[in-house]
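A.B. asks: need a structure here:
(one chain, ligands or ions: 1)
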Amino acid sequence: MRQAIFPFFYEESEPQKEELPYGRVRDTSWDYRDIQAGSGVYGIHPYPAMFHFLVVRRLLNAFSAEGDLVLDPFMGSGVVAVECLINNRNFVGYDINPLAVLIAKVRSTPIPASYLLEMLRFIEINYEKVEAEEVDFPNINYWFDKEVISALSKLRKSIREISDEDARDFFLVSFSETVRKASKADYNEFKLLRRKDVSNANVLNIFKSISLRNIGLLDGFYREPLAHKPKITLKSKNIFEADISEESVDLVITSPPYGDSRTTVAYGQFSRLSLYWLGLEERVDRESLGSKARDITDDLPSPLLYEVLERIKEKDQKRAREVFAFYWDLFHSINILARAVKKNRFVCFVVGNRKVKGEELPTDKISADFFQSLGFKHLRTIVRAISNKRMPAENAPSNIKGERDFTMRQEYIVILVKE
Ligand SMILES: C[S@@+](CC[C@H](N)C(=O)[O-])C[C@H]1O[C@@H](n2cnc3c(N)ncnc32)[C@H](O)[C@@H]1O
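C.D. replies: Here you go, the predicted model:
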């Protein structure tokens, strides 16, 4: 009735729930289809497989209280960090990708727009004065025109002259997005692929428009002053080098990589050009979960994993070993989390189930098995639909040959409690 009177009135349809095997429940109320994951401050710099902030907010409200300590050992662009900041939870996060840590820092550092506008003017004035520096890294001329290299070098120098670290980092994130846009790489792909239609890029204009957008996003998001100042700690570190005390964490919300970065999401390739320009080390694709070859051993606590591995082995022994290497690393990172969490506290482990050689890998169930072997009880697994914009689409060129069925349509929020 109401819709007939107000044709544009938006009414969410009744959420649908369906019980599925392995403790899964498909619950459409977690989809948030009409609200973009990249809204507000989460629109600052793209990042692959980013959390939907409304999912994180709901999990924080359901499983933690103000003042709690929340951990995300694979924090990516810092959605959990920001949600902790605005919901008064302390936060500690790790990521092996220094670009992710920089984005997370900028998104979680409110700075007044008037000050950032002043600094943008400073950069523009500086840009006219500074000399371009010599810049070199592998394949630089394949990815950038000569004039673009010179302009990016002047821009970087102008930004580096800002003495305030927070403001400097803010503009380095805008610079990183400028690098991507001004390069010959396809902006819409996570992997490094050269665009066919390469037109001349005006570096300063691109940077200015990205910076103005980011200033607006940050200012709009933090317009209300924060009522509390929780402690937000961001570390550029491999989870295997983490220094988290035993039983110190109240809640884990995290999403590990979906598989090895060669065949799923290539975080390293996504970040490589930016990291070269920022002078940061790229070790993501070398050190991400599953990047080191490993022979299959029988010591992982998930019978289901071995059933699927058997089927993959029949088709391709090498792929089976690669898949195993990923789960071996996943199990050992889960060990670290399991020790860090306090008793009677929760873990929300968000995974995707990809296919290898046509066989679906039920990572949600395998992760639940791993946690259960370490004293956790599996409560349920929420299945939600994800927007394709956050992940490579089926048959996109970003999928390597033989991995055409890597596409994520759903994610699995595995909820566990430590007993
Ligand atoms: C699915 S993404 C997380 C995205 C994040 N939830 C967000 O909202 O942006 C997984 C992250 O794990 C990181 N990663 C991979 N291996 C890691 C390791 N061994 N230690 C720490 N981080 C790692 C990757 O760099 C990537 O940022």
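A.B. asks: And the pLDDT for E403?
C.D. replies: Per-residue confidence (pLDDT) for E403: 44.
A.B. asks: oh, I was asking about D243
C.D. replies: D243 is assigned 89 on the pLDDT scale.
A.B. asks: Under a three-state scheme, what state does it occupy?
C.D. replies: Judged by DSSP: H, G, I helix; E, B strand; the rest coil, the three-state class of D243 is coil.
A.B. asks: next one: the one 3 residues further on
C.D. replies: At E246, secondary structure determined by three-state DSSP is coil.
A.B. asks: That one: what's it in contact with?
C.D. replies: E246 sits next to 339-340 when contact means Cβ atoms under 8 Å, 6 or more residues apart in numbering. Every residue, glycine included, has its C-beta placed from N, CA and C.
A.B. asks: That one and A338: what is the separation?
C.D. replies: As judged by Cβ to Cβ, to the nearest Å, E246 and A338 stand 10 Å apart.
A.B. asks: Could you do A320 as well?
C.D. replies: From A320 to A338 the distance is 26 Å (Cβ to Cβ).
A.B. asks: cool, and F63?
C.D. replies: Separation of F63 from A338 (Cβ to Cβ): 16 Å.
A.B. asks: mind listing what R384 touches?
C.D. replies: Counting by Cβ under 8 Å, 6+ apart, the residues that R384 touches are 27-28, 30-31, 55, 410-411, 413.
A.B. asks: sorry, that was for E147
C.D. replies: Applying Cβ under 8 Å, 6+ apart to E147 gives the contacts N200.
A.B. asks: Who does the closest residue to S64 other than its chain neighbours form a beta bridge with?
C.D. replies: For S64, ignoring the flanking residues on the chain, the nearest one in space by Cβ to Cβ, 6 or more residues apart in numbering is L251 at 4.3 Å. Counting by DSSP bridges, L251 is bridged to V70, F346.
A.B. asks: Could you check how far D166 is from T109?
C.D. replies: For D166, the distance to T109 equals 5 Å [Cβ to Cβ].
A.B. asks: Apologies, that question was intended for S236.
C.D. replies: Distance from S236 to T109, by Cβ to Cβ: 16 Å.
A.B. asks: which of A320 and A338 has more neighbours?
C.D. replies: A320 (21 against 18; other Cβ atoms under 10 Å).
A.B. asks: so that one touches Y306, yeah?
C.D. replies: No. In this structure A320 lies outside contact range of Y306 using Cβ atoms under 8 Å: 10.3 Å.
A.B. asks: P46: neighbour count?
C.D. replies: Using other Cβ under 10 Å: P46 sits among 18 other residues.
A.B. asks: Retrieve the pLDDT associated with L102.
C.D. replies: 98.
A.B. asks: quick one: it from L172, how far?
C.D. replies: Using Cβ to Cβ, we find L102 at a distance of 7 Å from L172.
A.B. asks: Who has more neighbours out of those two?
C.D. replies: L102 (26 against 22).
A.B. asks: separation between the closest residue to the ligand within the chain and S245?
C.D. replies: The minimum distance from the chain to the ligand, using Cβ to the nearest ligand atom, falls at G76 (2.6 Å). Here the criterion is Cβ to Cβ. By it, G76 lies 23 Å from S245.
A.B. asks: who's more crowded, those two?
C.D. replies: More neighbours surround G76 than the other of G76 and S245, with 25 against 8 (other Cβ under 10 Å).
A.B. asks: Could you export the lengthiest helix in the chain as CSV, keeping only the C-alpha atoms?
C.D. replies: For the chain, the helix with the greatest residue count under DSSP state H is helix 317-340. Presented in CSV, the C-alpha positions along helix 317-340 are these (Å, rounded to 0.1, in the frame of the first residue of the first chain):
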residue,chain,number,x,y,z
GLN,A,317,49.1,-33.9,-7.9
LYS,A,318,50.9,-30.6,-8.0
ARG,A,319,47.7,-28.5,-7.5
ALA,A,320,46.8,-30.8,-4.6
ARG,A,321,50.2,-30.0,-2.9
GLU,A,322,49.6,-26.2,-3.5
VAL,A,323,46.2,-26.4,-2.0
PHE,A,324,47.6,-28.3,1.0
ALA,A,325,50.3,-25.6,1.5
PHE,A,326,47.6,-23.0,1.9
TYR,A,327,45.7,-25.0,4.5
TRP,A,328,48.9,-25.8,6.4
ASP,A,329,49.6,-22.1,6.7
LEU,A,330,45.9,-21.4,7.5
PHE,A,331,46.0,-23.9,10.3
HIS,A,332,49.2,-22.5,11.8
SER,A,333,47.8,-18.9,11.7
ILE,A,334,44.6,-20.2,13.4
ASN,A,335,46.8,-21.6,16.1
ILE,A,336,48.2,-18.1,16.8
LEU,A,337,44.7,-16.7,17.0
ALA,A,338,43.4,-19.5,19.1
ARG,A,339,46.0,-18.8,21.8
ALA,A,340,45.4,-15.1,21.7
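A.B. asks: starting at the chain centroid, how far to that helix?
C.D. replies: 19 Å (Cα atoms, centre = their mean, to the nearest Å).
A.B. asks: got it, and stretch 380-390?
C.D. replies: Distance, centroid of stretch 380-390 to centroid of chain: 14 Å (Cα atoms, centre = their mean).
A.B. asks: go on, stretch 229-242?
C.D. replies: On Cα atoms, centre = their mean, the centre of stretch 229-242 falls 15 Å from that of its chain.
A.B. asks: Tell me the buried residues in it?
C.D. replies: For stretch 229-242, burial by neighbour count (16 or more other Cβ atoms under 10 Å) applies to 230, 232, 234-239, 242.
A.B. asks: do stretch 269-283 as well
C.D. replies: For stretch 269-283, by 16+ other Cβ under 10 Å, it's 269-278, 280, 282.
A.B. asks: For the stretch 201-350 of the chain, which segments are assigned as helices?
C.D. replies: 203-221, 267-278, 284-287, 303-315, 317-340 (DSSP state H, counting those that start in this stretch).
A.B. asks: Now distance to the ligand and mean pLDDT too, for the ones you listed, in JSON lines please.
C.D. replies: Shown next, in JSON lines, are those (distance: least, Cβ to the nearest ligand atom, whole Å; pLDDT from 0 to 100):
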{"stretch": "helix 203-221", "distance to the ligand": "16", "mean pLDDT": "97"}
{"stretch": "helix 267-278", "distance to the ligand": "4", "mean pLDDT": "93"}
{"stretch": "helix 284-287", "distance to the ligand": "5", "mean pLDDT": "85"}
{"stretch": "helix 303-315", "distance to the ligand": "19", "mean pLDDT": "96"}
{"stretch": "helix 317-340", "distance to the ligand": "7", "mean pLDDT": "96"}
